[in-house]
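Participant: have a look at this prediction, sequence included:
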Amino acid sequence: MYQLFKTGRILFPDDIYIAAEPLASPEKGAAPVRSTYDVWLASRVLPRGEMLVPGAHRSLSLSNVKLACIIIQTCAVDFFTHIFGLRPVRTTLMMSMNILRSVFPAVRGYSQALIIDELQSLITSGDFTWSRLLNLVATELVRRIFESVLDSFAASNETVVVDSAKFYVEYVQMEQRVRLDIPTLSDPAVRDLLQESDLFARSFSGSGFGLLSPLDFIHIISLVTEIISHLLLILSLTGGATHYGVLLLSIFSATLPLFVTWFGCPQTHSETLYSPREARAADRQEKMRNLAYNEAHRPEIELFGLGEWILKTWASARKVVLDSEQSQHLRDSSLISKLNFSDFLFALQNIPLVLLLQTSSTSLGSLTLYRSSVQSVILASRNLLATSRMVFQGIFFMSAFCAGKDLKPKLQPKLEDAVSYQTSVSGATIRARGLSYTYPGCSEPALRDVTFDLQSGETLAIVGYNGSGKSTLAKILLRIMDHDLGDLFVNDIDIRRYDPFDYHQHLTAVFQGFSKFNTTVRENVGLGRVEKMRSQTSIETAIHLAEADKIVNTLPYGLRTVLQTPGFESMSYSGCTTSSRQHGLSGGEWQRLSIARAFMRANEPQVDLLLFDEPTSSLDAQAQRQIFDTIENISRSPATGAKTKSLIFITHRLSIARRADKVAMMENGTISEFGTHAELLEKSGSYAALYRASE
Ligand SMILES: Nc1ncnc2c1ncn2[C@@H]1O[C@H](COP(=O)(O)OP(=O)(O)OP(=O)(O)O)[C@@H](O)[C@H]1O
């Protein structure tokens, strides 16, 4: 299924199949389906109904243990099967070698015990042969060489397996981000889910949660094997029915300190539990740090004198975090008394030692072996405990990762409803009936009862006051967002039946808050039609149509000039050599490039609709007129002059709006007036007032 990796090297995937199943929703009357998403959500609910902040550790309660078991069934098995499928041979090898290496300490102890015994017989009886001792030392040497060769091979093999898994997980993460649409990503639950999913992904690089790599799930098996091998060794030393009591005492004294630690101090340092307040403070502290470090915010930080506010907010949040860490530390230090108690219990292990000494077969070697084995059991059990606790937390982050994989973009139509977009010869028709939309978390709708018709090939100007809903309407028409109420038909088909990807192939747009990419001019323009990015003619034509030739010609490296912008859309790596080709642009120049980007596909015959949201707000009056002339030309057939594309533009310049066939005047989220420029002037309503005020 996965074409990710072929032998030896990681290959870039041609196509990765990611199962994107819709989240299971319980049917009426049926028992609720426990999808991974449901389980993840349930694990975040605190007893008082509050939600855990993303990344917070789950308590070790019975209900969480049950949830963890469901996750193991619904997601962990599937996840590990995928990981195993990436590198079946190497993963099998890694698991086998981990188990084999876990027996090494017991073998090492046994080998050293033999040497000690040989030395003991040298000291006590003189009945000793050099050849036997040399033989033992040589065997020990070979064993050590074998161990280190195997260790280094195991380490390099593990790197390959972990890298493959890391690449897979990161790829799925990236895929999630580019696949999900705005309505899905703006859902607060989805945002939290993706944050925990990110933590899981980052744990592969050792920076997610604690120091646990998800492959430590496998290490549990080796730790158990190590404990078993030591116990067998202890058993062989204390063998025989009469010595079982000695063995039981050994195990009891070895594991007692462990239980004292487990029950006495449920929160070890590696498992810091933040309270919701502390987690919020940790989050705020990070946000403030980002504000201080991110160059994009620098001008406004300076202009509005935010430095002190950032510092104060950061300091108070940091104090909460440090206080929490300090009290954690204090709790940890109280462990010392418990450890002393543990040390006391350690002493109990000397009792079986004394009992062993009384048996005739006891040698110095076996005593050393016994003692080191008991210590190893304690150490391995401690590791097992710590790893198990980390794994317990990791399971919930893994569930976020698995649930994230199954997230379905909200705008995606059901397979049975999907209709492919049919290009119209003379441009798109739009029929909007009673459209309403409220932004998530807002109480007031941004759009209410919007109704209008746009015939094929018509030009519509949307005008109105600030905040009246123009850009919101544009995003709904562009299928970037989905309306809550009403109906919207494009070419007589419900817009919800179009796959957004297919629909977007048939339109082009300039957004009010267009992106300024910190990359070359070529890429800034070419991103409008990625397939044509390498085509010099397409890029030059688009630039020419946007009348941006002059700008490009004056840039030191022309199309190859890297445009400087303090934004997080940065597409260049810091440290790469492009910095010498960096050049800044004015607001108007950036705007022309964004228009050129839209023009990259505007000429294409399959494009039915051109939508421009304030495309010329930074341009002078003459440049504005020229751009609108060009837009008008593009929307017509060069041969016949007939309209081939419908055109919508949003503008505050009413001298431009009068060029349109229809004008929609927006007020308070709705279209209050609709008609031709002349009709609206005749009405003497809001549009007429606005128009006169702009003259
Ligand atoms: N992401 C958002 N979340 C919440 N509310 C929003 C969001 N974007 C816009 N709004 C609100 O929706 C309403 C309409 O905003 P919109 O951007 O559509 O207005 P507009 O007519 O385009 O304004 P302008 O002329 O200033 O560009 C406003 O009240 C605005 O505050």
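Facilitator: Thanks, I have the structure now. Here the structure is a predicted model, which means the values were calculated and not measured. Numbers count the residues shown, from 1 in each chain.
Participant: let me see the contact set for residue 185.
Facilitator: Applying C-beta atoms under 8 Å, 6 or more residues apart in numbering, we find residue 185 in contact with 191, 194. From N, CA and C alone the C-beta is placed, and that goes for glycine too.
Participant: and the gap between it and residue 42?
Facilitator: Going from residue 185 to residue 42 by C-beta to C-beta, to the nearest Å gives 23 Å.
Participant: identify the residues contacting the residue nearest to residue 316 when sequence neighbours are not counted.
Facilitator: Closest residue to residue 316 apart from its sequence neighbours, by C-beta to C-beta, 6 or more residues apart in numbering: residue 281 at 8.0 Å. The contact partners of residue 281, by C-beta under 8 Å, 6+ apart, come to 316-318, 320-321, 324.
Participant: how about residue 106?
Facilitator: So residue 106 contacts 226, 229-230, 232-233, 373, 376 (C-beta under 8 Å, 6+ apart).
Participant: filter these down to the buried ones.
Facilitator: Neighbour counting by 16 or more other C-beta atoms under 10 Å classes 226, 229-230, 233, 373, 376 among the contacts of residue 106 as buried.
Participant: which one of the residues you listed is nearest the ligand?
Facilitator: Ranked by distance to the ligand (C-beta to the nearest ligand atom), the buried ones among the contacts of residue 106 are led by residue 226 at 54.6 Å.
Participant: can you tell me the element that closest one falls in?
Facilitator: helix 216-237 (DSSP states H and E).
Participant: could I get the average pLDDT for that helix?
Facilitator: Mean pLDDT, computed over helix 216-237, is 74.
Participant: please apply the same query to stretch 587-604.
Facilitator: So the average pLDDT for stretch 587-604 ends up being 88.
Participant: ok so, going back, can you put the buried ones among the contacts of residue 106 in JSON lines and add distance to the ligand?
Facilitator: Below are these laid out as JSON lines (distance: C-beta to the nearest ligand atom, whole Å):
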{"residue": "226", "distance to the ligand": "55"}
{"residue": "229", "distance to the ligand": "60"}
{"residue": "230", "distance to the ligand": "60"}
{"residue": "233", "distance to the ligand": "65"}
{"residue": "373", "distance to the ligand": "64"}
{"residue": "376", "distance to the ligand": "59"}
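Participant: show me the strands in the chain, by range?
Facilitator: Per DSSP state E, the chain carries strands over the ranges 430-437, 447-454, 459-464, 485-490, 493-494, 507-510, 562-563, 582-583, 609-613, 646-650, 662-667, 670-675.
Participant: sheet partners, orientation included, of the fifth one?
Facilitator: Using DSSP bridges, the neighbouring strands of strand 493-494 in the sheet come out as strand 485-490 (antiparallel).
Participant: tabulate the CA atom coordinates of the strand it pairs with in PDB.
Facilitator: Extracted C-alpha coordinates of strand 485-490, given in PDB (Å, rounded to 0.1, in the frame of the first residue of the first chain):
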ATOM      1  CA  LEU A 485     -28.500  28.800   6.100                       C
ATOM      2  CA  GLY A 486     -30.000  29.300   2.700                       C
ATOM      3  CA  ASP A 487     -29.100  28.000  -0.700                       C
ATOM      4  CA  LEU A 488     -26.400  28.800  -3.200                       C
ATOM      5  CA  PHE A 489     -26.500  27.500  -6.800                       C
ATOM      6  CA  VAL A 490     -23.700  27.900  -9.200                       C
END
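Participant: stretch 639-648 vs the ligand: in contact?
Facilitator: No: Stretch 639-648 lies out of reach of the ligand by C-beta under 6 Å from any ligand atom, never closer than 13.0 Å.
Participant: mind exporting the C-alpha coordinates of that stretch to CSV?
Facilitator: Once non-C-alpha atoms are left out, stretch 639-648 reads as follows in CSV (Å, rounded to 0.1, in the frame of the first residue of the first chain):
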residue,chain,number,x,y,z
ALA,A,639,-12.2,36.8,-31.2
THR,A,640,-15.9,37.8,-30.8
GLY,A,641,-15.7,40.2,-27.8
ALA,A,642,-18.6,38.2,-26.2
LYS,A,643,-18.5,37.7,-22.4
THR,A,644,-17.0,34.3,-21.5
LYS,A,645,-16.6,34.8,-17.8
SER,A,646,-18.7,36.2,-15.0
LEU,A,647,-17.1,38.9,-12.9
ILE,A,648,-17.5,39.9,-9.3
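Participant: check the gap between the residue lying closest to residue 86 once chain neighbours are set aside and residue 203 for me.
Facilitator: Distances taken as C-beta to C-beta, 6+ apart place residue 164 nearest to residue 86, at 4.6 Å, with adjacent residues excluded. Distance of residue 164 to residue 203, computed by C-beta to C-beta: 15 Å.
Participant: same thing with residue 315?
Facilitator: Distance from residue 315 to residue 203, by C-beta to C-beta: 30 Å.
Participant: compare those two (neighbour count), which wins?
Facilitator: residue 203 (26 against 11; other C-beta atoms under 10 Å).
Participant: wait, the more buried one touches residue 397, no?
Facilitator: Yes: contact criterion C-beta atoms under 8 Å: residue 203 and residue 397 qualify, at 7.2 Å.
Participant: residue 476: which of the contacts of residue 106 is nearest?
Facilitator: residue 226 (60.7 Å; C-beta to C-beta).
Participant: what's the local residue count around the closest residue in space to the closest one that isn't next to it in sequence?
Facilitator: Excluding the flanking residues, the one nearest residue 226 by C-beta to C-beta, 6+ apart is residue 102, at 3.9 Å. Residues near residue 102, counting by other C-beta under 10 Å, number 21.
Participant: thinking again about what came up before, make CSV out of the buried ones among the contacts of residue 106 and add distance to residue 586.
Facilitator: Below are these laid out as CSV (distance: C-beta to C-beta, whole Å):
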residue, distance to residue 586
226, 67
229, 72
230, 73
233, 77
373, 75
376, 70
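Participant: what's the most distant pair in the contacts of residue 106?
Facilitator: Taking C-beta to C-beta, no two of those sit farther apart than 232 and 376, at 12.1 Å.
Participant: what score does residue 203 have for pLDDT?
Facilitator: So residue 203 comes in at 77 (pLDDT).
Participant: residue 130 and residue 204, how far apart?
Facilitator: Noted for residue 130: a distance of 52 Å to residue 204, by C-beta to C-beta.
Participant: more crowded one of those two?
Facilitator: residue 204 (19 against 8).
Participant: isn't the more buried one right next to residue 162, touching?
Facilitator: Yes: between residue 204 and residue 162 there is a contact under C-beta under 8 Å: 6.6 Å.
Participant: need the residues that contact stretch 533-546.
Facilitator: 522-523, 525-529, 532, 549, 552, 559, 592-593, 595-597, 599-600, 602-603, 627, 630, 634.
Participant: stretch 589-596 too?
Facilitator: Here stretch 589-596 has contacts from 510-511, 514-516, 521, 524-525, 528, 542-543, 545-548, 551, 563, 565, 585, 612, 615-619, 627, using C-beta under 8 Å, 6+ apart.
Participant: select only the buried ones of these in ChimeraX?
Facilitator: To isolate the buried members of the contacts of stretch 589-596 in ChimeraX, using 16+ other C-beta under 10 Å:
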select :510,511,514,516,521,524,525,528,542,543,545,546,547,548,551,563,565,585,612,615,616,619,627
